[in-house]
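Colleague: mind looking at a prediction? Sequence and model below.
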Amino acid sequence: MAIAWTGASKAATAVMMAAGLAFASGCSLRSGDQPAQAAAVTPAKAEAKPAAKAEAKAEAPKSARDLMVEQYAALGYRLEWIGYATVLPGAKVRHAEVLGDVLAVQDTRNALTAVQTRDATARWSQIVGDEFINTFALARMGPTLVACGESELYLIDADSGNLVGKQRLERVVNTAPVQVDNLLVFGTAQGAAIAHHVGAGRTAWLYSIDGPVNIDPIAVGEGAVGVVASSGQVLIMDARGGVQLGRARMFDNAGAGLGAGSDTLYVASLDQSLYAFARDGGFTRWRVRTEQPLRGQPVLTGSRLIVAMPEGVQALSAATGKAEWTNTDLKSGKLIGIRNGRGLWWDGAALRTLELDTGKVVASMDVPGVSLVTTDQFTDGRLYLVTDKGAITKLSPR
C-alpha cells in the first residue's frame, strides 16, 4: 500500500527546519579538557564608559544553529541536511540503513521510506507486506531493495517503491542476514543457518546448528560467515558453498553482536569470556575471562579490538587479547566508526570521539531523542542520526 507523499512546501520546510533546530539545541557538547577562562584585563586608566557603549560591545548570544555547528565540528562533522521519514501513528523507527543512494528507514508498522542521501528528499514511502509482520533487516541488490521478513523477502524497486516480487523462505528466520553476492545468510529459530539465493528465489544451502540462532551472523573475511547458536556452538561457513570452515564451542550464547576480521571471529559471551576463533579450523586463538557476562559488541579497528567490558571500555590486542587501555568512565556502547583517526563511540545517548592509543575522550555530544546512528562507511563516513519518529540528521566529514 502506497503512502501519499507530497513535495516539500515552504511551510513544511520551515516546520522541518524548526524541528531540526529544536532537536539540535537539545544537544550539549563536552570535551576532554575544561575551557580556558578568559583573562581579566585591567585598564591603564580607570575611565567610566557610557553604559550604551558597553552594552553595544557585549558579545551577542550564539544562535541554536551556531551552537549545533560547533558541536558537530568538535566531532569532525558538519551538518549537511535535516530530513524526515514516514512513521505511522503509534509506531517508531525499527531499521535505518544506507543502501546506495538512499537511506532506507522502516518503522515498526512496516512503513518503509527511501530518503535520498544527496538532498533529504523522500523518494517514496510504502507499506511492506502488512503492518503486523516482523522484519529483521533491509538489504539492496542492484536496483532492488530487499525487506527481510520472518518467512518472506519483499523485493521493492529502489526508484519507484513498487513491489516487484516476493520470495518464500524455506525456514522461518530469526536474524538479519549477511549478504554475499546474491546470497542472504540467516540464522533460524529452528537451529540452522540458511542461505537464500535471491536471484534464483530458492534456498542455496542449509546447515544445522545446535540450537536457535538469535544473534545476527557476521561476515568473516571474504566469503565466510560466522554463526553462533544459543547453546554456545560456533560455526564458520563458506557462504557460497555451504561448507563448514570451522567449529567451536562456548559455554553460553553470545551476549551481543559479533565482531570479525579477515581471519578471526570475535565473540563476547554470556559465559563471561571474550573469544577469538580462527576462521579456518575454528580453534581458539585466545580467550579473556571476566567476572561478568559480556554484553558489548567487539569491533576491530587496525590491530585493536574495542569492546565494552565489565570494568569499562577496553582496547585489546587483536592478536593476543592483551589489554592496552581501559576507559573506566565508559561502561556501554560500541565503536561505530573512525573519524580523523579517532574512534567514534555511540552508547544510545551520546556520541564521543576517543583517542585510539589511550582511550581518552576528546569530545562528547549528547543527542537526545536519537535512537539509531548509521554510517555509509566505517572510516570517515557520513553519519545519519535518526529519531524514533523519523527525523533524520545527516552529518558529513568536515
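Modeller: In hand now; what should we look at? Computed from a prediction, not measured in an experiment: that's the story for all the values here.
Colleague: any idea how far residue 181 is from residue 300?
Modeller: Note on residue 181: its distance to residue 300, by CB to CB, to the nearest Å, is 23 Å. C-betas here are computed from N, CA, C, even on glycine.
Colleague: between those two, point out the one with more neighbours.
Modeller: Neighbours were tallied for residue 181 and for residue 300 using other CB atoms under 10 Å; the higher tally belongs to residue 300 (18 against 12).
Colleague: host element of that one?
Modeller: With elements delineated by DSSP states H and E, residue 300 resides in strand 299-301, which encompasses its position.
Colleague: output the contacting helices and strands for that strand.
Modeller: Taking 3 or more CB pairs under 8 Å, 6 or more residues apart in numbering; DSSP states H and E as contact, the helices and strands that strand 299-301 lies on are strand 259-260, strand 304-309, strand 334-339.
Colleague: try 7 Å this time
Modeller: Under the contact criterion of 3 or more CB pairs under 7 Å, 6 or more residues apart in numbering; DSSP states H and E, the helices and strands touching strand 299-301 comprise strand 259-260, strand 334-339.
Colleague: work out the gap between it and the centre of the chain.
Modeller: Mean C-alpha position of strand 299-301 versus that of the full chain (CA atoms, centre = their mean, to the nearest Å) differs by 14 Å.
Colleague: average pLDDT across that strand?
Modeller: The predicted model assigns strand 299-301 a mean pLDDT of 97.
Colleague: same deal with stretch 233-250?
Modeller: For stretch 233-250, the per-residue pLDDT averages 97.
Colleague: so what touches that stretch?
Modeller: 178, 180, 183, 185, 193, 195, 204-205, 207, 209-211, 220, 223-228, 232, 265, 267, 269, 271, 275, 277-282, 284 (CB atoms under 7 Å, 6 or more residues apart in numbering).
Colleague: just the endpoints, please. Distance across stretch 277-294?
Modeller: Chord length of stretch 277-294, first to last residue, is 17 Å (CA to CA, to the nearest Å).
Colleague: who are the contact partners of the residue nearest the centre of the chain?
Modeller: For the chain, the residue sitting closest to the mean C-alpha position, by CA atoms, centre = their mean, is residue 374 at 4.1 Å. For residue 374, the set of contacting residues under the criterion of CB under 7 Å, 6+ apart consists of 96, 97, 98, 384.
Colleague: and those, which two are furthest apart?
Modeller: Among these, the pair separated by the greatest distance (CB to CB) is 97 and 384, at 9.3 Å.
Colleague: so which of those two has more stuff around it?
Modeller: More neighbours sit around residue 384 than around the other of residue 97 and residue 384, counting by other CB under 10 Å; the figures are 24 against 19.
Colleague: and the more buried one, what element?
Modeller: Using DSSP H and E, the secondary-structure element containing residue 384 is strand 383-387.
Colleague: now that strand: mean pLDDT?
Modeller: Strand 383-387 shows a mean pLDDT of 97.
Colleague: do stretch 324-337 as well
Modeller: Per-residue pLDDT over stretch 324-337 has a mean of 96.
Colleague: span of it from start to end?
Modeller: The first and last residues of stretch 324-337 sit 19 Å apart, counting by CA to CA.
Colleague: likewise stretch 375-393?
Modeller: As for stretch 375-393, its first-to-last residue distance stands at 12 Å under the measure CA to CA.
Colleague: just to revisit the earlier point, so of the contacts of stretch 233-250, which ones are in strands?
Modeller: Here DSSP state E is the test, and the contacts of stretch 233-250 give 178, 180, 183, 185, 193, 195, 204-205, 207, 224-228, 265, 267, 275, 277-278, 284 as lying in strands.
Colleague: would you mind checking these for buried ones?
Modeller: Buried members of the ones in strands among the contacts of stretch 233-250, scored by 16 or more other CB atoms under 10 Å, are 178, 180, 183, 185, 193, 195, 204-205, 224-228, 265, 267, 275, 277-278.
Colleague: how about low-confidence regions in this structure?
Modeller: Low-confidence segments of the chain, defined by pLDDT under 70: 1-59.
Colleague: let's see it at 90
Modeller: Low-confidence regions of the chain, defined by pLDDT under 90, span residues 1-71, 129-136, 368.
Colleague: sheet partners, orientation included, of the strand holding residue 300?
Modeller: strand 304-309 (antiparallel) (DSSP bridges).
Colleague: ok and the partner strand relative to strand 264-268, angle-wise?
Modeller: Taking axes from the mean of the first three to the mean of the last three CA atoms, to 10 degrees, one finds strand 304-309 and strand 264-268 inclined to each other by 20 degrees.
Colleague: so what touches strand 304-309?
Modeller: 259, 266, 268, 274, 290, 294, 296-299, 313-318, 324, 331-333, 335, 343, 356.
Colleague: return the alpha-carbon coordinates of that strand using PDB.
Modeller: Coordinates of the C-alpha atoms in strand 304-309 are reproduced here as PDB (Å, rounded to 0.1, in the frame of the first residue of the first chain):
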ATOM      1  CA  ARG A 304      43.000  -3.400  18.200                       C
ATOM      2  CA  LEU A 305      39.700  -4.800  19.300                       C
ATOM      3  CA  ILE A 306      37.500  -2.300  21.100                       C
ATOM      4  CA  VAL A 307      34.700  -3.600  23.400                       C
ATOM      5  CA  ALA A 308      32.700  -2.600  26.500                       C
ATOM      6  CA  MET A 309      34.000  -4.900  29.300                       C
END
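Colleague: downstream of it, the next helix or strand is which one?
Modeller: On the C-terminal side of strand 304-309, the closest following helix or strand by DSSP H and E is strand 312-317.
Colleague: one step back: which residues touch the strand holding residue 300?
Modeller: Here strand 299-301 makes contact (CB under 7 Å, 6+ apart) with 259, 260, 261, 266, 306, 318, 334, 335, 338, 343, 356.
Colleague: from those, which two are the most distant?
Modeller: For these, the maximum inter-member distance is 18.8 Å, found between 260 and 356 (CB to CB).
Colleague: can you give me the buried ones in stretch 78-95?
Modeller: By neighbour count with 16+ other CB under 10 Å, stretch 78-95 contains the buried residues 79-88, 91, 93-95.
Colleague: tell me the one of these nearest residue 137?
Modeller: So of the buried residues of stretch 78-95, ranked by how close each gets to residue 137 (CB to CB), first place is residue 95, at 6.5 Å.
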